[in-house]
Structures are given as C-alpha cells and as structure tokens.
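Visitor: let me see the structure of the following:
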Amino acid sequence: MMPSLPSVFLSAAFLLAAAAYIRSSGTVGSSTATSTTHLHFFMHDDYTGPRPTAARIVSGRSLLPTLASSSDGDDNATATGSTLSRLLSSPRQFGDVVVLNNALTEGPGGDSARVGTAQGFAVRVSEGGIVSHLTMHMVLDAGEHRGSSVTANGRIDMDATVRESVVIGGTGKFRFARGYMLTRNYDYDLARGGIVEIDVYVQH
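Guide: Prediction:
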C-alpha cells in the first residue's frame, strides 16, 4: 500500500526539522570551549588600612569552650591544646562572613597597574581550621578583556600552599567559561590581609 502524499510531506518536514536541530546543537556545543586563556594577577586583600577593601560583616561563634571541654582526660590533650592556642590567636571564627572589593594588579606592588576588581564573599565553614567557602567575581577593566568577568567558586584552606577553585562562568568574552583558579599567599596574614597571587585558566 502506497503512503498518502500528506504523510510523505509530513515525514520529510520532520526529518528536515530534526537535521536542523542537530546541526544547531552541534554548533552551540562546539563553540563553548574553543580556546584557553591564562589570567595572572595579584589581589590586594586589605582589612586594616586607611581604606579597607575587605571586611568581616558577620562574626561567627568561638569554638574554644567546646574544644577545651573535649580535651579533659584525653591522651591528645597536648595536640588539642596546640589547636586551642592557634584558634585563640586567630582573628577568624566558624561562621564568619567577609566581603571583598579588592584590587587586582599586574604585579604585587602597590604601584602596579590595576587590571580589575575582585568582588565577592567568603564564609568560614570549618570548625577546626581556617577553611572558607569563597564566591568571587573577577571583573576586568583593562587590556584585551576589559568589560568581561570570570566567576570562581570553591573551598579555600589557608593551611594549603596552593588552593584550587572552580571557574563556574563568566561574562563578555568569557561567556560559558569553565576552568580553574589557583591562589597562593604572596604576603599575607589573617589579621591584616595582604597580597594573594592568582592564576586563572579559562576555557571559553
């Protein structure tokens, strides 16, 4: 039995629509990771200067009484005492929330050329160490990427020499961006802040 003419036209239209959809999807998918860009700069994280660019806006709770009571009769009292001493001298507490509006520069010096601004927040999420959850937008306002931004999200352990975070997106030239960010202390302490070296590797 021969198919009717309307059913032939309907099948042909369906096949053409499917082919167009597949071709369109392939084009979008292939354009999301066409190149890799390496960004390198220094972030000035200043808590104590005449014009601080970072601030603690929520103070968390101290865990010292809990840790002290847990050390009673414990063979690890010496190690726990060391932890207590370290936390006692730390300006950060579990649950602290800090906000950032830090300069990004080409070099570590205060007179180095500014290339952008790091804006975001961090929440201290560890009860035993200096570990924070960081969300940071790096807004670029100089050079070939002017007007674009990259957003990173991750776990920052201040005891680690190098911390790795995930690039979760971007704007402008970095739309659909994916990649990773590496941070290292260049000249930094928790009480006053300081300078952090940043390398970002972005696929876009």
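
Visitor: tell me which stretches of this protein form helices.
Guide: 5-30, 64-70, 77-88 (DSSP state H).

Visitor: just give me the neighbour total for Arg124.
Guide: Using other Cβ atoms under 10 Å, Arg124 has 23 neighbouring residues. Backbone N, C-alpha and C define where each C-beta goes, glycine included.

Visitor: I should have written Ser59 there, sorry.
Guide: For Ser59, using other Cβ under 10 Å, the count is 11.

Visitor: same check on Arg175?
Guide: 12.

Visitor: so what's it up against?
Guide: Neighbour list for Arg175: Gly169, His204 [criterion: Cβ atoms under 8 Å, 6 or more residues apart in numbering].

Visitor: can you give me the distance of it to Thr117?
Guide: 19 Å (Cβ to Cβ, to the nearest Å).

Visitor: for the chain, just list every one of the strands.
Guide: Assignment of strands within the chain using DSSP state E yields the ranges 36-46, 54-58, 97-105, 114-124, 131-140, 149-157, 163-171, 178-189, 193-203.

Visitor: who touches the fourth one?
Guide: For strand 114-124, contacts defined as Cβ under 8 Å, 6+ apart pick out 41, 43, 60, 92-106, 130-143, 156, 198.

Visitor: now do the last one
Guide: Taking Cβ under 8 Å, 6+ apart as the criterion, the residues outside strand 193-203 that touch it are 32-33, 35-48, 54, 104, 108, 118, 138, 150, 152, 167, 170, 174, 177-188.

Visitor: sheet partners, orientation included, of it?
Guide: strand 36-46 (antiparallel), strand 178-189 (antiparallel) (DSSP bridges).

Visitor: and those strands: which comes nearest His204?
Guide: strand 36-46 (6.7 Å; Cβ to Cβ).

Visitor: which positions within the closest one qualify as buried?
Guide: Thr37, Leu39, Phe41, Phe42, Met43, His44, Asp45, Asp46 (16 or more other Cβ atoms under 10 Å).

Visitor: neighbours of the nearest residue to Gly95 once chain neighbours are set aside, how many?
Guide: Leaving aside its sequence neighbours, Gly95 sits nearest to Gly60 (Cβ to Cβ, 6 or more residues apart in numbering; 2.7 Å). By the measure other Cβ under 10 Å, the count of residues near Gly60 is 16.
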